[in-house]
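Asker: Turn this into a structure:
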Amino acid sequence: MFLIIITAGMLLFTSLLIDFSRIAAFNRKLDGATRAAVRSVLAAYDAGLYERYGLFARGGTPDDEIMGPVLEDWLNGPDGGHFRLLDARLVEYGTNVSQVLGDHDVFRRQVLEEMKYKAPIDLTLELASKLKPMSGAMKEAAAAVDLLERLRKLYDRREQHLAAAIETQREAANAAKDANLDSLLPLQGTAGLSRDTVQDVAAGYAQYTAWIAADASREEGTEPVYAAEIAAYERMARAVSQELRQSSMQAEQAHRRMETLALQELELARQINREMSETVARARTSAAGRDSGFVRLGESAVQGGAASIPAGAEDDLRQIRDTVDQLLLPDDWFGEFREEIVSQAAEYASFYAEAGVFQSSVSAALGGYGGDGSALHDGARRLQASYGRFYEKYIRPGTVIAARERALQSSKQVSREAKRKQAEADEMWKRVRGVLHQLRADPGTEEQREEFRLLEQAYRSNLAFNEAAAGSPPEAAGLPEEAGDMSGDAAGLSEGLFGSMADMLEHVRDPLYIGEYTIQRFSTFDPRNFTGFLGVTGPGEEADDAAADSGGLAEAFNLGNQEAEYILYGFHDPVANIAAAYGELFAFRLAIRTMEGLIVNKSLAHPLLILPAALLYGLKMAVEDMISFAREGAAPLSKYVPVRLTYADYLRLFMLLHGGDAGRLSRMIAVIERNTGTDLSLTPAGVSGEVRASVNLWFLPGLMRTVNRLGVLEGKVAGNRYETSKTIGWSY
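Answerer: Numbering: from 1, shown residues only. Here you go, the predicted model:
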């Protein structure tokens with residue numbers, strides 16, 4: 001009996017172990033079958049999407065038609081009619097979408113995986129190696145242009161205030177001249193005026209007293225002999241002294257007013273001069289520790305190409321910056337000028353006081369009570385001397401004002417020449433600006449605008465799907481009025497480009513891969529479309545043909561010809577993206593060519609002359625570069641680095657410059673959807689397979705059901721079968 005009990009227990013335990021083993025084997029087999037089925041489903045991908053864009057997405061045969069046979073084959077094998085250790089049966093199966101290609105994370109991952117092996121890193125490194133030899137010269141050129149342009153504007157303002165101060169001095173002096181003081185106090189060289197003067201009053205006084213004495217000694221009862229002459233002299237003396245007083249008073253009021261204005265202008269000039277000094281000091285400090293994109297690319301580990309920049313070019317450019325000291329004026333200069341302005345007003349005030357004394361002397365002398373008239377003679381002499389000194393210093397020849405003007409004369413000559421060159425550069429920039437404005441003003445055709453409106457809908461739909469904010473496209477800011485301002489913008493752009501290359505070499509991978517993917521997989525504008533627009537001819541093309549081609553430029557603005565530019569800038573407009581790309585292309589070419597211009601014109605020595613000459617050179621050469629792009633699709637990087645870069649090469653740089661955001665990914669997705677007719681937000685890039693199957697139990701199902709209550713099985717026992725489910729997710 002005991003043996004029977006032990007044997008029964010052993011059989012029970014053995015049957016339990018056998019079914020447990022079969023369940024474990026079934027679970028393992030079902031897991032493998034589910035994985036294989038999901039992978040097989042994903043093996044049916046959209047071939048067109050892959051061939052065109054290198055992206056994997058579910059397509060082709062329906063899921064059920066793939067999944068069922070794979071599961072059956074895995075679970076039961078091809079010999080389903082023979083004895084099977086596991087009698088597995090499919091209960092239910094299906095798939096669910098776990099990832100879609102329109103999701104930014106999924107899309108970015110596929111792009112990065114695609115470009116990890118296919119991105120032409122060597123090409124990008126070659127771009128960096130071409131730019132590296134220029135980094136030092138470009139750094140110094142950008143710093144020089146920035147400093148010189150800032151100082152040029154400050155210098156012009158300072159000179160305007162100084163000129164206003166000198167002109168105010170001259171106006172004050174001319175107020176005395178305009179008051180007819182010359183006629184009352186004739187100096188050497190001003191004689192010949194037929195009117196009564198101060199000298200006439202003094203000279204006639206002796207005769208006047210003699211007439212009074214003669215009439216006073218006449219016999220009683222006789223008529224005065226000289227009454228008319230005495231009255232005439234008195235009228236003349238009073239009229240001269242009164243006119244002198246009134247005229248000198250008007251000029252004195254003008255001097256007080258003009259002195260205040262001149263000192264104000266001088267103080268404004270002094271403040272601007274101080275601002276210029278501070279600007280120079282800040283520029284030297286920042287240049288000494290400048291952690292710019294130029295420096296970082298120059299110090300990067302990438303092997304630079306053959307350096308063709310002239311030896312010592314960086315030192316020459318640095319010396320150009322150092323020449324700005326000659327634009328500054330010492331504080332003593334302003335102190336001396338202030339003393340001259342104050343002295344002019346003081347000297348005229350002294351003359352005005354003498355005029356008052358002379359009038360008092362005339363009043364006292366009339367009537368014959370002035371004695372011998374010595375006070376009148378002395379007053380006239382002092383008055384004449386005081387006016388003579390003032391006249392010589394401030395009117396003619398105006399030695400004080402003339403000397404101050406001579407002190408500024410050399411800088412005025414340089415300034416005039418600089419303004420002439422600046423006017424040439426501004427005129428050149430005006431023509432270029434007009435061409436760029438003409439391009440921006442083109443609205444495109446109605447069909448093109450409609451195409452971009454639909455594209456914008458797809459773009460915003462994808463942004464909403466990803467719950468991402470729309471990145472702001474670069475503002476289509478107006479082009480600066482002056483060539484100098486454009487050169488500053490160009491220098492800033494070039495530093496950003498060099499910095500972007502340095503970032504790429506140091507640690508940035510994603511923007512490089514995504515940018516390169518954009519260049520490879522999407523269309524770019526052909527710059528040779530601009531041959532007619534720019535009025536140039538392409539290789540082997542007649543001028544008339546080029547002019548005719550300008551009419552075909554409108555067709556070139558179709559979305560299919562500028563997908564990369566749209567992805568880069570994000571303007572939903574047929575022309576704005578092309579205009580933005582060409583604006584940046586011209587700015588970068590201008591920055592490089594201006595650097596060359598600084599080196600070429602360094603012999604001009606004066607900073608006011610070097611800058612406009614360099615700008616004019618840069619503009620002319622940048623225009624030639626744009627013509628070269630229109631004719632040949634490429635242009636030399638620099639006069640000193642004659643390697644040729646294509647328009648697509650510059651787009652690669654601009655892709656790095658502007659980085660990437662959710663907006664750029666949504667624009668890429670929108671273009672793909674427009675080209676393929678596929679909504680990537682609904683296109684699976686990953687699926688999860690769910691399979692429910694069962695296996696028969698050989699022994700005691702009730703015992704297994706009881707054991708399952710302990711939670712040791714993954715499924716459930718139904719009748720004499722064990723049933724479970726598996727869910728497996730997979731993605732491209």
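Asker: C-alpha only now, for contacts and for neighbours.
Answerer: Will do.
Asker: In the stretch 301-450 of the chain, what residue spans correspond to strands?
Answerer: With DSSP state E, counting those that start in this stretch as the criterion, the stretch 301-450 of the chain has no strands.
Asker: count of neighbours near Lys153?
Answerer: 12 (other CA atoms under 10 Å).
Asker: Mind pulling the model confidence for it?
Answerer: The score at Lys153 is 91. That number is its pLDDT.
Asker: next helix or strand past the helix or strand hosting it?
Answerer: Using DSSP states H and E, the element containing Lys153 is helix 135-178. Per DSSP H and E, helix 135-178 leads on to helix 181-184 as the next helix or strand towards the C-terminus.
Asker: what about that next one, average pLDDT?
Answerer: Mean per-residue pLDDT for helix 181-184: 85.
Asker: Not counting its own residues, what contacts it?
Answerer: With contacts defined as CA atoms under 8 Å, 6 or more residues apart in numbering, helix 181-184 is touched by 190, 193, 195-198, 240, 244, 247-248.
Asker: One more pass at 6 Å, please.
Answerer: Identification of contacts with helix 181-184 by CA atoms under 6 Å, 6 or more residues apart in numbering yields 197-198.
Asker: I'd like the next helix or strand past that helix.
Answerer: Next element after helix 181-184 (DSSP H and E): helix 198-203.
Asker: returning to that earlier point: could you give the separation of the helix holding Lys153 from the chain centroid?
Answerer: 25 Å (CA atoms, centre = their mean, to the nearest Å).
Asker: and if you look at stretch 244-260?
Answerer: In terms of CA atoms, centre = their mean, the centre of stretch 244-260 is found 52 Å from the chain centre.
Asker: hmm, who's touching it?
Answerer: Counting by CA under 6 Å, 6+ apart, 168, 172, 175-176, 179, 345, 352, 355 sit against stretch 244-260.
Asker: Would you point out the helix or strand in this protein whose mean pLDDT is lowest?
Answerer: Among the helices and strands of the chain, helix 543-549 carries the lowest confidence by mean pLDDT, DSSP states H and E, at a mean of 44.
Asker: What number of residues are in the vicinity of Phe557?
Answerer: Neighbour tally, Phe557, other CA under 10 Å: 24.
Asker: Assign a three-state SS to the nearest residue to it once chain neighbours are set aside, would you?
Answerer: Of all residues not flanking Phe557 in the chain, Pro574 sits nearest, at 5.7 Å (CA to CA, 6 or more residues apart in numbering). In three-state terms, and counting by DSSP: H, G, I helix; E, B strand; the rest coil, Pro574 is coil.
Asker: Kindly report the same for the one 5 residues further on.
Answerer: Local secondary structure at Ala579 is given as helix here, using three-state DSSP.
Asker: With adjacent residues omitted, what lies nearest to it?
Answerer: Going by CA to CA, 6+ apart, Ala579 has Arg440 as its nearest residue, at 5.9 Å.
Asker: Quick one: distance of stretch 256-269 to the chain centre.
Answerer: 38 Å.
Asker: ok, now stretch 262-278?
Answerer: 29 Å.
Asker: tell me the average confidence for it?
Answerer: On average, stretch 262-278 scores 96.
Asker: So Ala614 is in contact with Thr594, correct?
Answerer: Yes. Taking CA atoms under 6 Å as the definition, Ala614 is a contact partner of Thr594 at 5.5 Å.
Asker: who's more crowded, those two?
Answerer: Thr594 (31 against 26).
Asker: In which helix or strand does the more buried one reside?
Answerer: helix 576-600.
Asker: Just the buried residues of that helix, please?
Answerer: 576-599 (16 or more other CA atoms under 10 Å).
Asker: What's the local residue count around Phe699?
Answerer: Neighbour tally, Phe699, other CA under 10 Å: 16.
Asker: Okay, the most centrally placed residue in the chain and Ala580: tell me how far apart.
Answerer: Closest residue to the average C-alpha location of the chain: Asp489 at 4.1 Å, with CA atoms, centre = their mean. According to CA to CA, to the nearest Å, Asp489 stands 14 Å off from Ala580.
Asker: Quick check: phi and psi on Ser725?
Answerer: phi -130, psi 150 (degrees, to the nearest 10).
Asker: Spit out the contact partners of it.
Answerer: By CA under 6 Å, 6+ apart, Ser725 lies in contact with 691-692.
Asker: ok so, going back, so after the least confident helix or strand of the chain, what's the next helix or strand?
Answerer: Per DSSP H and E, the first helix or strand lying C-terminal to helix 543-549 is helix 553-556.
Asker: Contacts for that following helix next, please.
Answerer: Counting by CA under 6 Å, 6+ apart, no residue outside helix 553-556 touches it.
Asker: ok now whichever helix or strand comes after it, how far from the chain's centre?
Answerer: Later in the chain than helix 553-556, the nearest helix or strand by DSSP H and E is helix 563-569. In terms of CA atoms, centre = their mean, the centre of helix 563-569 is found 20 Å from the chain centre.
Asker: If you average the pLDDT over helix 563-569, what comes out?
Answerer: The model assigns helix 563-569 a mean pLDDT of 96.
Asker: Glu723 is in what secondary structure piece?
Answerer: Assigned by DSSP H and E, Glu723 falls within strand 721-731.
Asker: buried set for stretch 692-708?
Answerer: Buried, per 16+ other CA under 10 Å, within stretch 692-708: 692-697, 699, 701, 704-705.
Asker: Nearest to Ser681 among those residues?
Answerer: Nearest to Ser681 among these: Arg692, at 28.8 Å, using CA to CA.
Asker: any idea how far the residue nearest to that closest one when sequence neighbours are not counted lies from Asn76?
Answerer: With sequence-adjacent residues excluded and distances taken as CA to CA, 6+ apart, Arg692 is closest to Ser725, at 4.1 Å. The gap separating Ser725 from Asn76 is 17 Å, by CA to CA.
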